[in-house]
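Trainee: Show me how the following folds:
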Amino acid sequence: MKLQDIAIAIVWIYFLAGAVYQGIAIGHVHNPPGAVTPFASIESWLFVLPFFFILSSVGVFLINRKTSAYTGFAKRLRPTTLMMSFCLILGVVGLASTYANEQSSYSYLGSAFFLTCGLGLLLAHFLSFRFPPRLY
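Mentor: Okay, the predicted model is just below:
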């Protein structure tokens, strides 16, 4: 096994373990006693989440078409797949942890944001199979 393979494995483990940890921690977030914060309106959720879904799917797909020159290390690291996995894990674990613990609307919004970006990157990844160059 090469040193490069070990470095890639360490980066993947670090990011995915961090996503699980942050997803669990987001469910325990709560406001300090006596603090009153405004609730994010549903209208803002209906704008923000589709916007970031489109940005993460179409944006990443189109940027990849312009800059398709990957180095060997970056191709083997698979940064798009890594970020997609990070966002999906953080979103799913964050939603589950928020549901099981504090049920804060901001925690739901944060988890939904990461889940939306992860799903957008997943769509971009599937689009790259159909329309090369392929995302890694």
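
Trainee: measure residue 107 to residue 50 for me?
Mentor: 20 Å (CB to CB, to the nearest Å). In this view, the C-beta of every residue, glycine as well, is placed from N, C-alpha and C.

Trainee: Between the two, point out the one with more neighbours.
Mentor: Higher neighbour count among residue 107 and residue 50: residue 107, with 22 against 12, using other CB atoms under 10 Å.

Trainee: Grab the nearest non-local neighbour of the more buried one.
Mentor: Nearest non-adjacent residue to residue 107, counting by CB to CB, 6 or more residues apart in numbering: residue 98, 4.1 Å away.

Trainee: got the contact list for the one you found?
Mentor: 26-27, 104, 107-108, 111 (CB atoms under 8 Å, 6 or more residues apart in numbering).

Trainee: Tell me which of those residues fall in helices.
Mentor: Among the contacts of residue 98, DSSP state H puts 26, 107-108, 111 in helices.
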